[in-house]
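Colleague: Compute the structure for the input listed below.
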Amino acid sequence: MRWKTDEYTGWGRVLKASGALARPEKMAELRTMEDPDRGPAIGNLRSYGDAALNSGGRAIAMTRLDRLIEFDEDTGLLTAEAGISIGEIMRIFAPRGWIPAVVPGTGIATLGGCICNDVHGKNHHGAGSFGQHVTAIELLGAGGNIRTIKPDTNKTLFRATVGGLGQTGIILSATIKLAPATSEVMDVQENRADNLDEFMVMLEQSSATYSVGWIDAAATGTGMGRGILEEAEIKEACEPLKTKKPKSVGRDAPKFFLSPPVVRLFNRFYLNRVPVAGRRLDRAQNDFFFPLDRIHNWNRLYGKSGFHQFQCVVPDDTANESLTRMLTSISRSKLASPLAVLKRLGEGRAGMMSFPMKGYTLAVDFPNRAKSAALVQELEDEALNAGGRVYLAKDALSRAGRIRSMYDEQAAFTKQVLSADPEGIFTTDMARRLKLRGEP
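Modeller: As a prediction, this is how the structure comes out:
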């Protein structure tokens, strides 16, 4: 394989790495790789922090290994190389009546990345996490051995690999179970919530297959927690809708672009676009599942300093009080951006370090300002005290002790990782920062 020294970043553009990158064109290059060339795998770098960074070391970019291997029209089982994107799977199979059982918030995420982060979607309350629909993983281990692991025959290694941030080896390919889709159009119902209490009741009472809420994280007083709930079902057979060509952010936005007055104005406009009585509309599948993919390089909207995203999940019994305190801190900070999401999660998770738990998940973006790190730490404290956890795919600021307290299977995970990769070939910046392989 050819190697080239390059600088690369997580999607938040705050944490960076410089090191040798390889971009293999064929799977045979990995299967015959020499020991000195091994390193962690990376995809399209959509993890926000340092989950896919290896400063000063080698990393293998998998995005050119994106071939389809096999598909069974009767069962919906698809086997594909790890570098294929979820959006490409949707493009190929949605017209044939199939989509991934769990669809993340961006179609640019790779198959391997979705497994390594055990991503969740707008239907987690019913379908669980991505890894629960993975039936087999072809894994290249630290010693060069290749094995196929399955959830029933290799349970411990499988559970350390799914949601394991690439620490057990390189995912070469995987078999996932797609779900039937009767069309490429979503039937979407939008309703406004006046405050957090109302929003949480609406989410709890929703019977929709897909649901997600946009929340005004800058709102204060009686309107704190107001937002828009989207509930959706796949429509019965109908013609696909035309979609607009994606726009692109060509340069870093100036600092004032996300100033508090601008954010409040945008949020008021965005909320009022939905009538008080609500509205129903048809939406193209990609526009519903991947709304931000309509703007290429949207992370540049936060300026050259980048941004942090805080995402946590808190259990039902503490959710109202803890989310109220979080939103109070966020609104007072005047750091919130318009990108804020509230969803309800179920119990489904496939890995030892998988994020989901039954409860409510809040995700908010903050421009990388001097006060942002302190605010995120305050929010993490609240999540920890509430019995919740933060999402490692979005994290850039947490500390090892907090993660050990939030993820009660980390000790078992660390044991399995050290067994699979004792020399630390697949160690990343995040694994070092959070001591995911144990204390040094």
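
Colleague: What residues of the longest strand anywhere in the chain count as buried?
Modeller: Criterion DSSP state E: the longest strand present in the chain is strand 170-180. Across strand 170-180, burial judged by 16 or more other CB atoms under 10 Å covers I170, I171, L172, S173, A174, T175, I176, K177, L178, A179. For the C-beta atoms, the positions are set from N, CA and C on the backbone; glycine is no exception.

Colleague: Then stretch 356-369?
Modeller: Counting neighbours by 16+ other CB under 10 Å, stretch 356-369 gives 356-357, 359-369 as buried.

Colleague: okay if I get the residues you listed as TSV plus secondary structure, distance to F199 and pLDDT?
Modeller: Below are the buried residues of stretch 356-369 laid out as TSV (DSSP: H, G, I helix; E, B strand; the rest coil; distance: CB to CB, whole Å; pLDDT from 0 to 100):
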residue	secondary structure	distance to F199	pLDDT
P356	coil	19	98
M357	coil	19	97
G359	strand	14	98
Y360	strand	9	98
T361	strand	13	98
L362	strand	11	98
A363	strand	14	98
V364	strand	14	98
D365	strand	19	98
F366	strand	21	97
P367	strand	24	97
N368	coil	28	97
R369	coil	27	94
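
Colleague: Tell me the one of those residues nearest A218?
Modeller: V364 (9.8 Å; CB to CB).

Colleague: what about that closest one, distance to G121?
Modeller: 19 Å (CB to CB, to the nearest Å).

Colleague: one step back: mind exporting the next helix or strand after the longest strand of the chain as PDB, just the C-alpha atoms?
Modeller: Per DSSP states H and E, strand 170-180 leads on to strand 185-193 as the next helix or strand towards the C-terminus. Written as PDB, here are the backbone C-alpha positions of strand 185-193 (Å, rounded to 0.1, in the frame of the first residue of the first chain):
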ATOM      1  CA  VAL A 185     -41.300   8.800   0.200                       C
ATOM      2  CA  MET A 186     -41.900   9.600   3.800                       C
ATOM      3  CA  ASP A 187     -45.300  10.600   5.200                       C
ATOM      4  CA  VAL A 188     -44.300  13.200   7.800                       C
ATOM      5  CA  GLN A 189     -46.400  14.900  10.500                       C
ATOM      6  CA  GLU A 190     -45.000  18.000  12.200                       C
ATOM      7  CA  ASN A 191     -46.300  19.400  15.400                       C
ATOM      8  CA  ARG A 192     -45.100  22.200  17.700                       C
ATOM      9  CA  ALA A 193     -44.300  21.700  21.400                       C
END
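
Colleague: Other residues contacting the helix or strand following strand 185-193?
Modeller: Note on strand 185-193: by DSSP H and E, the next helix or strand toward the C-terminus is helix 196-205. With contacts defined as CB atoms under 8 Å, 6 or more residues apart in numbering, helix 196-205 is touched by 191, 193, 211, 213, 215, 224-227, 229, 319-320, 323-324, 327, 342-344, 360.

Colleague: Distance from helix 196-205 to the middle of the chain?
Modeller: 23 Å (CA atoms, centre = their mean, to the nearest Å).

Colleague: Strand 359-367 and that helix, what's the angle between them?
Modeller: Comparing the axes of helix 196-205 and strand 359-367 via axes from the mean of the first three to the mean of the last three CA atoms, to 10 degrees yields an angle of 130 degrees.

Colleague: Span of stretch 296-307 from start to end?
Modeller: Start and end residues of stretch 296-307 are separated by 16 Å (CA to CA, to the nearest Å).

Colleague: gap between that stretch and the chain center?
Modeller: That offset, for stretch 296-307, works out to 17 Å (CA atoms, centre = their mean).

Colleague: And for stretch 377-396?
Modeller: Centroid displacement of stretch 377-396 relative to its chain, using CA atoms, centre = their mean, is 15 Å.

Colleague: Make 32 the first number, not 1, from now on.
Modeller: Got it, first residue is 32 now, which makes that one stretch 408-427.

Colleague: In this structure E411 contacts V421, no?
Modeller: Yes. E411 is within contact range of V421, at 5.8 Å (criterion: CB atoms under 8 Å).

Colleague: mind listing the helices in the protein by residue range?
Modeller: With helices called from DSSP state H, the chain shows them at 58-62, 117-124, 142-147, 155-158, 186-192, 227-236, 291-303, 316-320, 347-364, 403-416, 431-437, 441-451, 460-464.

Colleague: Which positions in the lowest-mean-pLDDT helix or strand in the chain come out as buried?
Modeller: Ranking every helix and strand in the chain by mean pLDDT, DSSP states H and E puts helix 58-62 at the bottom, with a mean of 90. Using 16+ other CB under 10 Å as the test for burial, helix 58-62 gives M58, E60, L61.

Colleague: ditto for stretch 277-297
Modeller: For stretch 277-297, by 16+ other CB under 10 Å, it's D283, L289, V294, R295.

Colleague: Nearest residue to the last one in space, please, no chain neighbours.
Modeller: Nearest non-adjacent residue to R295, counting by CB to CB, 6 or more residues apart in numbering: A249, 5.4 Å away.

Colleague: Just want the phi and psi numbers for the one you found.
Modeller: When read as degrees, to the nearest 10, the backbone of A249 gives phi -90, psi -10.

Colleague: does it really touch V294, like I thought?
Modeller: Yes. Applying CB under 8 Å, one finds A249 in contact with V294, separated by 5.4 Å.

Colleague: which residues are in contact with both of the two?
Modeller: A367.

Colleague: where in the stretch 82-231 of the chain is pLDDT low?
Modeller: Counting by pLDDT under 70, the stretch 82-231 of the chain has no low-confidence residues at all.

Colleague: ok so, going back, mind picking the one among the buried residues of stretch 277-297 that's closest to A53?
Modeller: Relative to A53, the closest of the buried residues of stretch 277-297 is D283; by CB to CB it sits at 28.9 Å.
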